[in-house]
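> using only what follows, build the 3D model:
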Amino acid sequence: MHAMLYLLLSLARHSGKPDPQGQIQIAKREAPPGTEDNPAIGYFEQPIDHHNPSLGPFKMRYSWSNEFWKGPGSHIVLWLPGETDASPFYLWYGNYSSTEFYFSQGQLASNLGAAYVVLENRYYGESSPYPELTTANLKCLTFDQVMHDTVNFAKNVKLPFAANSTASDVPWVLAGGSYSGIITVDIATKLPGTFWAYWATSAAVHSELEYWRQSDSFLKAGPKNCTKDVAQVIDYIDSVLLNGSQKEIDILKANFGLQNLTHNEDFVNTLSGDPELWLNVQFDINAAPDVMNIYQWCDTIEGVWNPATRNYTHSKLPGIEGVKNYRLPGMCKDGFGKHYPGLYSENSTYCEDSYDPNNPFYTDISVGNPWNRQYLWFECNEAIGGWTAGAPKGTPSLISRLLDVKYGYHMCEMLFPKGPNGETYGLRTVDQFNEYWGGWNIGNTTRLLIANGEYDYWRPTTFASEVRPGGPLQSTAQLPAYLVPGGYHCSDCLYYRNARRNEPVRMVIQEILAQLEAWVKEWPGKKSSSS
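Okay, here's the model as predicted:
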């Protein structure tokens with residue numbers, strides 16, 4: 001479960017307005033509504049179930065800026081922020097110079113003279129049909145429903161600044177990354193005809209039951225001494241847990257400060273969170289405000305656990321002091337304490353205890369829960385992505401081999417007990433998910449642009465996967481595929497963080513924008529001069 005939580009934390013930290021030194025600045029509110037510094041908010045009525053209107057409607061929140069919109073007949077860029085509360089919305093907007101924007105989607109809107117719209121995902125923020133995320137209430141949180149939300153919005157919304165700007169009136173470009181990149185691909189292939197063009201980045205289209213390739217990119221691009229030592233430490237830990245006495249196991253856990261995690265799977269799952277920090281890496285990694293990024297974590301493995309004091313470790317097992325004295329303090333309290341005042345002490349590990357049914361991880365069914373219960377529902381119900389797992393024997397693993405799908409589904413059982421009418425999770429298996437949505441295979445589609453990073457955490461599940469039958473997807477005129485050299489997860493979306501620091505990334509982003517602009521000019525309902 002760590003990967004998505006870390007991604008969300010990364011978005012929260014980096015989606016703001018950084019100054020040239022990379023520090024997050026709070027946007028000023030003096031700007032008028034509907035501008036980049038102060039996007040306006042609207043609400044659109046969606047059916048709870050697009051296939052059963054009798055369940056009634058709910059309000060879906062969206063934001064918009066028409067600062068660069070050229071007037072009636074001009075284009076719309078729709079960005080799907082994905083599996084998160086989309087507020088505060090200004091985080092998704094803004095330019096850091098007169099011509100360059102924080103997000104590449106905003107850059108596209110400016111280049112096109114388009115309005116820039118951000119649509120919140122159902123069941124998040126202010127866009128949930130139900131206040132409590134029970135198993136019964138979550139039945140309408142599916143890929144299919146999210147896709148229909150997006151299409152219905154584009155077809156029928158009456159934007160406050162332009163009532164006649166639906167996808168039937170003007171060309172709309174749909175853009176999404178990661179989870180919403182999958183949604184973008186699936187709309188292009190399963191519900192075509194509404195959007196004129198599509199931009200999907202880092203779309204993990206191929207689901208795997210046990211996602212053990214999550215460390216592939218880190219093993220290729222990360223510090224070799226670090227990855228080698230981590231793999232050896234994992235082998236040692238697994239050996240003790242599988243073959244050691246209870247006393248030896250207890251000593252091992254205590255050395256890490258994790259002695260209260262009585263279940264071995266919880267212990268190794270806690271340790272797995274650090275290699276998954278690779279999900280957050282971008283080209284500004286050395287300037288990023290994260291205290292705990294992947295390279296600083298490697299310092300804890302190699303003997304430098306405190307980047308401020310540079311205190312060295314002296315243990316025989318690399319990383320022990322780094323976990324116990326650096327990562328453990330505040331792990332639960334800082335991450336979740338504001339949601340549950342008084343529950344966590346400074347060195348508490350209770351947030352990692354997956355076997356206690358009273359843990360807020362299971363009992364907090366609010367829409368604003370900090371665990372992303374909604375995404376966990378996707379994992380349990382439709383088998384999206386894959387559960388974190390160790391690599392097969394004989395393959396270097398940065399994740400314990402004690403982690404497998406059984407551990408993931410034990411959490412599903414506790415998270416989503418049967419509803420009053422037998423409602424439960426398990427809409428699709430992994431094989432059914434890949435067969436229904438296409439997985440690595442993609443049919444005929446038009447004006448769908450695919451982008452991936454060379455060292456993306458999720459690359460093995462994307463169209464750029466090196467283990468995809470036939471190899472990475474090859475570009476065609478209607479399905480161009482871009483690979484960002486040295487790129488990471490959604491690198492092409494983060495213009496400010498990456499393009500100003502890395503010229504190859506800037507060049508790829510500019511090629512992507514140019515392709516999308518060229519497609520928009522092909523819109524048959526508009527004159528080329530108005531584009």
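> over to the closest residue to residue 466 other than its chain neighbours. Which of the three states is it?
Spatial nearest neighbour of residue 466, excluding adjacent residues (C-beta to C-beta, 6 or more residues apart in numbering): residue 472 at 6.5 Å. C-betas here are computed from N, CA, C, even on glycine. At residue 472, secondary structure determined by DSSP: H, G, I helix; E, B strand; the rest coil is coil.
> for the one 10 residues further on, same thing?
For residue 482, the secondary structure call by three-state DSSP comes out as strand.
> show me the beta-bridge partners of it.
In this structure, residue 482 bridges to residue 451 when assessed by DSSP bridges.
> show me the contacts for it.
Residues near residue 482 by C-beta atoms under 8 Å, 6 or more residues apart in numbering: 449, 450, 451, 452, 475, 492, 508, 511, 512.
> neighbours of the last one, just the number please.
Right, residue 512. 23 (other C-beta atoms under 10 Å).
> is it correct that it is in contact with residue 104?
Yes. Using C-beta atoms under 8 Å as the test, residue 512 is close enough to residue 104 to be in contact (7.3 Å).
> so what sits against both of these two?
In contact with both residue 512 and residue 104: residue 492, using C-beta under 8 Å, 6+ apart.
> just the pLDDT for the residue nearest to residue 466.
What the model reports as pLDDT for residue 472 is 98.
> now whichever strand or helix holds residue 513: mean pLDDT?
According to DSSP states H and E, residue 513 maps onto helix 503-521. The average pLDDT for helix 503-521 rounds to 96.
> picking up where we left off before, now the contacts of residue 482: which count as buried?
Taking 16 or more other C-beta atoms under 10 Å as the criterion, what is buried in the contacts of residue 482 is 449, 450, 451, 452, 492, 508, 512.
> what segments of the protein are strands?
Under the criterion DSSP state E, strands of the chain are mapped to 17-18, 24-25, 40-47, 57-65, 76-80, 115-119, 172-177, 197-201, 210-211, 387-388, 448-453, 481-484.
> for these, which one sits closest to residue 524?
strand 197-201 (13.2 Å; C-beta to C-beta).
> ok, and what's touching that closest one?
Taking C-beta under 8 Å, 6+ apart as the rule, strand 197-201 contacts 105, 108, 171, 173-178, 181-182, 184-185, 187-188, 445, 447-452, 490, 492-493, 512, 516, 519-520.
> ok, now stretch 98-107?
Applying C-beta under 8 Å, 6+ apart, the set of residues contacting stretch 98-107 is 15, 17-18, 36, 65, 77, 79, 92-96, 110, 116, 175, 199, 492-496, 499-500, 509, 512-513.
> so for it, mean pLDDT?
87.
> can you list the domain ranges for the protein.
Under the assignment automatic domain parsing, the domains of the chain span 38-206+439-530, 210-415.
> pick out the shakiest of those domains, pLDDT-wise.
Of all the domains of the chain, domain 210-415 has the smallest average pLDDT, which comes to a mean of 87.
> still on that earlier bit, identify, from the contacts of residue 482, the entry nearest to residue 44.
residue 449 (25.9 Å).
> how much space separates that closest one from residue 217?
Distance of residue 449 to residue 217, given as C-beta to C-beta, to the nearest Å: 22 Å.
> got the buried ones among the contacts of residue 482 as CSV, with distance to residue 423 columns?
Shown next, in CSV, are the buried ones among the contacts of residue 482 (distance: C-beta to C-beta, whole Å):
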residue, distance to residue 423
449, 38
450, 36
451, 37
452, 36
492, 39
508, 45
512, 42
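> among those residues, which one sits closest to residue 143?
For the buried ones among the contacts of residue 482, the nearest to residue 143 is residue 450 (18.1 Å; C-beta to C-beta).
> so how far is residue 59 from that closest one?
33 Å.
> same question, residue 178
For residue 178 relative to residue 59 (C-beta to C-beta), the value is 25 Å.
> out of those two, which sits in the more crowded spot?
Per other C-beta under 10 Å, whichever of residue 178 and residue 59 has more neighbours is residue 178, with 27 against 13.
> check contacts around the more buried one.
Applying C-beta under 8 Å, 6+ apart, the residues contacting residue 178 are 7, 82, 201, 202, 203, 204, 458, 489, 490.
> and those, which is closest to residue 409?
For those, the nearest to residue 409 is residue 204 (19.4 Å; C-beta to C-beta).
> show the backbone phi and psi for the closest one.
Main-chain torsions, residue 204, degrees, to the nearest 10: phi -80, psi 80.
> my guess is it contacts residue 458, does it?
Yes. Between residue 204 and residue 458 there is a contact under C-beta under 8 Å: 4.4 Å.
> now do the shared contacts for the two.
178, 385.
> these two - which one has more neighbours?
More neighbours surround residue 458 than the other of residue 204 and residue 458, with 30 against 25 (other C-beta under 10 Å).
> contacts only, for the more buried one.
Residues in contact with residue 458 (C-beta under 8 Å, 6+ apart) are 178, 202, 204, 214, 279, 385, 489.
> can you lay out these as a markdown table showing distance to residue 327?
Listed next are the contacts of residue 458 as a markdown table, based on distance: C-beta to C-beta, whole Å:
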| residue | distance to residue 327 |
| --- | --- |
| 178 | 25 |
| 202 | 27 |
| 204 | 27 |
| 214 | 19 |
| 279 | 17 |
| 385 | 24 |
| 489 | 22 |
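> tell me which of the domains of the chain sits most buried.
domain 38-206+439-530 (a mean of 20; mean count of other C-beta atoms under 10 Å).
> relative to residue 407, how far out is residue 383?
Distance from residue 383 to residue 407, by C-beta to C-beta: 15 Å.
> got it, and residue 515?
42 Å.
> picking that back up, now, which of the contacts of residue 458 sits nearest residue 418?
Out of these, the member with the shortest distance to residue 418 (by C-beta to C-beta) is residue 385, at 23.9 Å.
> pretty sure that closest one contacts residue 211?
Yes. Using C-beta under 8 Å, residue 385 is in contact with residue 211, at 6.4 Å.
> which stretches in the stretch 401-531 of the chain count as helices?
Secondary structure of the stretch 401-531 of the chain (DSSP state H, counting those that start in this stretch): helices located at 405-415, 430-437, 503-521.
> now the ones you listed as JSON lines including distance to residue 249?
Formatted as JSON lines, the helices of the stretch 401-531 of the chain follow (distance: least, C-beta to C-beta, whole Å):
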{"stretch": "helix 405-415", "distance to residue 249": "17"}
{"stretch": "helix 430-437", "distance to residue 249": "32"}
{"stretch": "helix 503-521", "distance to residue 249": "45"}
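> between those helices, which one is closest to residue 165.
helix 503-521 (13.9 Å).
> by contact count, what packs against the closest one?
For helix 503-521, the elements it packs on are helix 104-112, strand 172-177, strand 197-201, strand 448-453, strand 481-484, judged by 3 or more C-beta pairs under 8 Å, 6 or more residues apart in numbering; DSSP states H and E.
> okay if I get the ones you listed as a markdown table plus distance to residue 128?
Below are those laid out as a markdown table (distance: least, C-beta to C-beta, whole Å):
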| stretch | distance to residue 128 |
| --- | --- |
| helix 104-112 | 24 |
| strand 172-177 | 20 |
| strand 197-201 | 25 |
| strand 448-453 | 30 |
| strand 481-484 | 34 |
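> those: which one's closest to residue 88?
Comparing the helices and strands packed on helix 503-521 by C-beta to C-beta, helix 104-112 comes nearest, at 15.4 Å.
> chain center to the closest one, what's the gap?
Its chain's average C-alpha position is 21 Å from that of helix 104-112, according to C-alpha atoms, centre = their mean, to the nearest Å.
> what does stretch 205-215 contact?
Contacts for stretch 205-215 (C-beta under 8 Å, 6+ apart): 3, 182, 185, 227, 275-276, 278, 383-392, 395, 397-399, 404-405, 430, 433-434, 437-440, 442, 457-458, 460-463, 465, 467-468.
> swap in 7 Å and give it another go.
3, 182, 185, 275-276, 383-392, 398-399, 404-405, 430, 433-434, 438-440, 457, 460-463, 465 (C-beta atoms under 7 Å, 6 or more residues apart in numbering).
> check stretch 483-495 too.
100-105, 107, 177-178, 201-202, 279, 281-282, 451-458, 464, 498, 504-505, 508-509, 512.
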